[in-house]
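1. model the structure of this input:
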Amino acid sequence: MIYRSKAPLRIGLAGGGTDVSPYSDLYGGAILNATVSLYAYANIELLEGEEVHFESIDYKTKQIIRKGSPIEFNGVLDLHKGVYERIRKQYTGMPAGFKLSTFVDAPAGSGLGTSSTLVVAMVGAFAEMLKLPLGEYDIAHLAYEIERKDLKMAGGKQDQYAATFGGVNYMEFFDDEKVIVNPLRVKQQYLFELENNLLLYYTATSRESAKIITQQSQNVVDKKSASIEAMHQLKQQSQRMKEALLKGRLHEIGEILDFGFQQKRRMAEGISNDRMEEIYLAAKSAGATGGKISGAGGGGFMIFYCPGNTKFQVMAKLSEFGGHCKTYQFVDHGLTTWTI
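-> Have a look, this model is predicted:
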């Protein structure tokens, strides 16, 4: 038997960073994101014996542990180990020997929620194998706890919920880790136009998001007014984006993204840098009306809104910077699991 799962990565459109504690606990956060046709995959294959094999296919990394042996969290396949440990301790029926292998369609540190989506995919594969009675909120929250509490990795809450639920969602974040996912009924022609005009550009650099997120959180703790006000503005941005998408006012999206780009730079140092600023200005000079850094910032993917047929000019301009544009489609499904 092989138990499989796949969970979609996401593009954050507005409100990024307001899902991170302590801001979301103190003021409430709001984010608008959409899942795309790039995925994290997980497979569990039962094996004879009492060895557990962990493998990241894309990173060509493997590790084997024997049943009952202590697990060392040392930066090698820690996400795999963390999911295994939590599921093993919290639920019954874990087989003695199996192989957990994974693959992700985008590199780590890309700003598309790869780590959290991978955790969701692995939780989904275990839930499929063990027939766990977990709903969407249960899986998303479990993935959040594994990554943020068990493994103590800095970050927010949106990625786990986006990967689990899928689609275009307006998410609200409150204290006590309360999250409400509001699926948006965006007309298909509006989504097609957004997909047509929104370029996903990989800067050919990755970044360590934890440092940026840690500083962002510390700025809230230290009551740094400029950083907190920027987060307030980004929360308002998510509401503006929601209204523009639902009412088909797509001509406003570039401006809304540009507003968010200006605000996000104020949240913490390292979110933007000279190279990303140069890329952003070049895209605008070629016809983009706005854009944003995906995820925590510092590298990874950027997105640009290119109305009319300007995306071809923008793509040509961006090719000068050594990165590349990634094709995608919006998808309305979240975590999917099956058995073969």
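
2. who does the helix or strand bottoming out on mean pLDDT in the chain touch, helix- and strand-wise?
-> Within the chain, confidence by mean pLDDT, DSSP states H and E is lowest for helix 209-221 among all helices and strands, at a mean of 76. The contact analysis (3 or more CB pairs under 8 Å, 6 or more residues apart in numbering; DSSP states H and E) places helix 209-221 against helix 23-27, helix 225-247. (Glycine included, C-beta is placed from N, CA and C.)

3. buried ones in that helix?
-> 209, 212-213, 215-217, 219-220 (16 or more other CB atoms under 10 Å).

4. any chance of CSV for the residues you listed, columns distance to Leu47?
-> Below are the buried residues of helix 209-221 laid out as CSV (distance: CB to CB, whole Å):
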residue, distance to Leu47
Ser209, 34
Ile212, 40
Ile213, 37
Gln215, 43
Gln216, 42
Ser217, 41
Asn219, 47
Val220, 46
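
5. could you check the angle the least confident helix or strand of the chain makes with helix 225-247?
-> Interaxial angle, helix 209-221 versus helix 225-247 (axes from the mean of the first three to the mean of the last three CA atoms, to 10 degrees): 110 degrees.

6. angles on the backbone of the spatially most central residue of the chain, please.
-> Centroid-nearest residue in the chain, with CA atoms, centre = their mean: Gly113, separated by 2.0 Å. Backbone geometry at Gly113, expressed as degrees, to the nearest 10, gives phi 80, psi 30.

7. got a list of what it touches?
-> 9-10, 12, 158-159, 162-163, 295 (CB atoms under 8 Å, 6 or more residues apart in numbering).

8. could you check the pLDDT of the nearest residue to it once chain neighbours are set aside?
-> Sequence neighbours aside, Asp159 is the residue nearest to Gly113 in space, at 3.4 Å (criterion: CB to CB, 6 or more residues apart in numbering). What the model reports for Asp159 is a pLDDT of 97.

9. likewise for Val20?
-> At Val20, pLDDT is 92.

10. from Met302, how far out is it?
-> The gap separating Val20 from Met302 is 20 Å, by CB to CB, to the nearest Å.

11. again with Gln189
-> 26 Å.

12. and the next helix or strand past the strand or helix carrying Ile180?
-> Assigning secondary structure by DSSP states H and E places Ile180 in strand 179-183. Counting by DSSP H and E, the next helix or strand C-terminal to strand 179-183 is helix 188-197.
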